[in-house]
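Novice: Sharing a sequence plus its predicted fold:
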Amino acid sequence: MYENQANNTFYEDSFKKSETFAGVNDATTTTVPDLFTLEPLKWLYYLEKIINTRSFKKDGNDVTVDNLCYKPISNKGCLITSPMDYWKMNITLLDERAA
């Protein structure tokens with residue numbers, strides 16, 4: 001059961017699951033690329049960092065990912081699942097552990 005009942009009512013009516021898939025579009029290769037090597041993971045880190053820190057204006061108000069994300073538990077932030085969770089969105093840990 002979710003703790004935040006006010007958000008639950010909102011999300012039951014309007015929450016849409018959003019996903020992003022990363023891959024390689026190369027018809028010349030016959031091998032499956034390893035997306036969990038250091039270079040693609042760093043790309044993912046920087047992409048997530050941009051998404052989480054940028055804002056845009058809508059009706060004169062700043063809108064960020066915090067305004068749009070799913071928050072199943074009050075005061076605990078957005079529920080965003082990512083391979084970067086393993087490294088706690090920390091580029092230093094990624095460099096140390098993935099190398």
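Specialist: In hand now; what should we look at?
Novice: Can you verify my assumption that residue 70 contacts residue 77?
Specialist: No. Here residue 70 does not reach residue 77: they are 10.3 Å apart, not a contact under C-beta atoms under 8 Å. Using the backbone N, CA and C atoms, a C-beta is placed for each residue, glycine as well.
Novice: Give me the more crowded residue out of those two.
Specialist: Legend: neighbour count by other C-beta atoms under 10 Å for residue 70 and residue 77, higher for residue 70 (15 against 9).
Novice: For the more buried one, which non-adjacent residue is closest in space?
Specialist: Leaving aside its chain neighbours, residue 70 sits nearest to residue 79 (4.9 Å; criterion: C-beta to C-beta, 6 or more residues apart in numbering).
Novice: Give me the residues contacting the biggest helix by length in the chain.
Specialist: Across the chain, the helix with the greatest residue count (assigned by DSSP state H) is helix 38-53. Residues outside helix 38-53 that contact it (C-beta atoms under 8 Å, 6 or more residues apart in numbering) are 22, 34, 65, 80, 82-84, 87, 89, 91, 94-95, 98-99.
Novice: Let's see that with 6 Å instead.
Specialist: The contact list for helix 38-53, computed with C-beta atoms under 6 Å, 6 or more residues apart in numbering, reads 65, 84, 91, 94, 98.
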